[in-house]
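Fold the following for me, if possible:
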Amino acid sequence: MLAPRILAVVLCTAFLLPVAGGCTEAPQRYEMTYLSLFDTVVTIVLYAEGETEAQEMFRAVYDDLARYDALFDIYEEHEGTANLKTVNDNAGKAPVAVEPELLSLLLFGKEVYALTEGRVNIAFGSVLTLWHDARTAGIADPDSAALPERAALEQAAGDDVCAVMMELVQGEGGVRPLDKAMVQALAKLCQEKDWLLLVDEVQTGIGRTGTLFAYQQFDIQPDVVSFAKGIAGGLPLGGILASEKCAAVLTPGTHGSSFGANPVSTAAGGAVMAKLDDAFLKEVQEKGQYLRTSIENLGSPWLGGVVGMGLMLGVDVKEDHTNKEPPCCWTMACSASPPGSACVCCLPWSSPRTKWTKVWPS
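All right, here's what the predicted structure looks like:
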């Protein structure tokens, strides 16, 4: 829990560097995503006067985060660092001298555990280990990426689980849809154990995958669905859908928001929803299939198979190439995901299909 605080401080410092330098020209925006930190996706956004300065800033931020990642690691040893794995391995055997930041993390975790009556527990290691193992294997071999086996989940969960949350298409992880059978098995387990099933549709929802929500293509019924991004056509807006047994938890007045009920954003959301009829969603499916087939038929020496659903598509980069090479980043049609992984196709426009050939070289 301490790492996000540190990340926020480091990134804020990075944002201020160009301003403090007194540059005369408007700084440019740079973005870099890393998969190797804190068992999650870490994206750093900063502003710099040029590529060289940006890379220096990225390196400085990354090095700081990597130090904390090594310090808080419970899986691997790091030379010269007494980390959480070192502490666990020596439990009941010998004292371990540790960095002050590690003590701060443990004390903060204990404080949060008490405040949340045990709902937030940094020592929930068995489930975290399953996630770590599955994620590590998926990054090494994306085509074989899979959720943990049901039996392993049951054994690790014990009686402490209240909910399971899934992102059905791993957006920042290379636009990889989860296996339908595994998703259904996990949904069934949630029903049997009386766990809530939460689905994150922030990226996948509002028609991007060819249905209003991606979960509809997996034949499951979540208890809670979160959505944002596409709902207001670019304006800031988000929301949740809840089943009957969850809907009564947040009644009017129990949750405040500084920017809630923004009239402009909600009007935009209403306009977007008015467009999302069956004919529109069918067109998303048809355009997605057209784009998928067109990319696959390019015969590109760089581009491999196409992954994803509807118009939320990614293009695998062939071995010995990266997504920083052309034609992986042609125009604004594509924005590169984590370096060396997939080329994520973003299609925010609604132009006729006949104009799309301008994006792809003949």
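
Give me the contact list for the helix or strand harbouring residue 32.
Using DSSP states H and E, residue 32 sits in strand 28-34. Applying C-beta atoms under 8 Å, 6 or more residues apart in numbering, the external contacts of strand 28-34 come out as 41-51, 54, 58, 62, 65, 172, 337-339. Glycine gets a C-beta too; all of them are placed from N, C-alpha and C.

do you know how far the residue nearest to residue 77 when sequence neighbours are not counted is from residue 73?
Spatially, and ignoring its direct neighbours in sequence, residue 77 is nearest to residue 85 (5.8 Å; C-beta to C-beta, 6 or more residues apart in numbering). Separation of residue 85 from residue 73 (C-beta to C-beta, to the nearest Å) stands at 6 Å.

so what sits against both of these two?
With C-beta under 8 Å, 6+ apart, residue 85 and residue 73 have no common neighbours.

center of the chain - which residue?
Centrality entry for the chain: nearest residue to the mean C-alpha point is residue 172, 4.8 Å, by C-alpha atoms, centre = their mean.

Go ahead and report the secondary structure state at that residue.
coil (DSSP: H, G, I helix; E, B strand; the rest coil).

Ramachandran angles for it?
phi -80, psi -10 (degrees, to the nearest 10).

now it, nearest residue through space, not along the chain?
Residue 172's closest residue in space is residue 41 (C-beta to C-beta, 6+ apart), at 4.3 Å.

I'd assumed residue 218 was in contact with residue 197.
No. The pair residue 197 / residue 218 is not scored as a contact, 11.0 Å apart, by C-beta atoms under 8 Å.

shared neighbours of the two, anything?
residue 187.

what does stretch 176-185 rub up against?
By C-beta under 8 Å, 6+ apart, stretch 176-185 touches 138, 142, 145-147, 150, 166, 168-170, 214, 217-220, 307-309, 314.

C-alpha coordinates for that stretch, PDB please?
Provided in PDB are the C-alpha atoms of stretch 176-185 (Å, rounded to 0.1, in the frame of the first residue of the first chain):
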ATOM      1  CA  ARG A 176      -6.000 -10.500 -24.400                       C
ATOM      2  CA  PRO A 177      -9.500 -11.800 -23.800                       C
ATOM      3  CA  LEU A 178      -9.800 -14.300 -21.000                       C
ATOM      4  CA  ASP A 179     -10.800 -17.800 -21.800                       C
ATOM      5  CA  LYS A 180     -14.600 -18.100 -21.800                       C
ATOM      6  CA  ALA A 181     -14.700 -21.500 -20.100                       C
ATOM      7  CA  MET A 182     -12.400 -20.300 -17.300                       C
ATOM      8  CA  VAL A 183     -14.500 -17.200 -16.800                       C
ATOM      9  CA  GLN A 184     -17.600 -19.200 -16.500                       C
ATOM     10  CA  ALA A 185     -16.000 -21.600 -14.100                       C
END
